[in-house]
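**Q** This is a predicted model, with the sequence first.
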Amino acid sequence: MKSVNVTFRVDEEIKKQADALFSDLGMSLSTAFNIFLRQAVREQGLPFTVTKQVPNAATLAAMEAAETGEDLYGPFDTVEDLMEALNA
C-alpha cells in the first residue's frame, strides 16, 4: 500500500482539541483521519448523521425569554422546590 500526503486546513483551536482527544485515545490525528476515511468508504457516505438542527418554536421562545430576562425562575433552595416549579 502506497501512502500519499493530504493537506487539510482546520481551525487552530479545533486541531488542538482534536490532537488532545486522539492522543488520549492512543492515536495521532493522522490515524484518526485514516479511520474516518476508511469508515466513509466502507459505508459509502459520511460515517455519522449530518443534520441541520433548527430549534422548534417552544425552544426559540424560551431562548428569547431568557435573553430578555422574562419567565426566569429560581434560584431554588431545595431540590423539592425545583421539582415543584418544574411540575407546575
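**A** All right, it came through fine. Numbers count the residues shown, from 1 in each chain.
**Q** Contacts for the one helix or strand residue 82 maps to, please.
**A** Using DSSP states H and E, residue 82 sits within helix 79-87. Under the contact criterion Cβ atoms under 8 Å, 6 or more residues apart in numbering, helix 79-87 has outside partners 73, 74, 76. Using the backbone N, CA and C atoms, a C-beta is placed for each residue, glycine as well.
**Q** just curious, which of those is nearest to residue 38?
**A** Nearest to residue 38 out of these is residue 74 (Cβ to Cβ; 48.4 Å).
**Q** Read off the pLDDT value for that closest one.
**A** If you check residue 74, the pLDDT there is 77.
**Q** again with residue 64
**A** 90.
**Q** Equivalent analysis for the one 4 residues further on, please.
**A** According to the per-residue confidence, residue 68 scores 90 in pLDDT.
**Q** what about it, how many neighbours?
**A** 9 (other Cβ atoms under 10 Å).
**Q** repeat for residue 32
**A** 16.
**Q** shouldn't it be in contact with residue 18?
**A** Yes - between residue 32 and residue 18 a contact is recorded at 7.2 Å, counting by Cβ atoms under 8 Å.
**Q** quick one: which helix or strand includes residue 62?
**A** Using DSSP H and E, residue 62 sits in helix 57-68.
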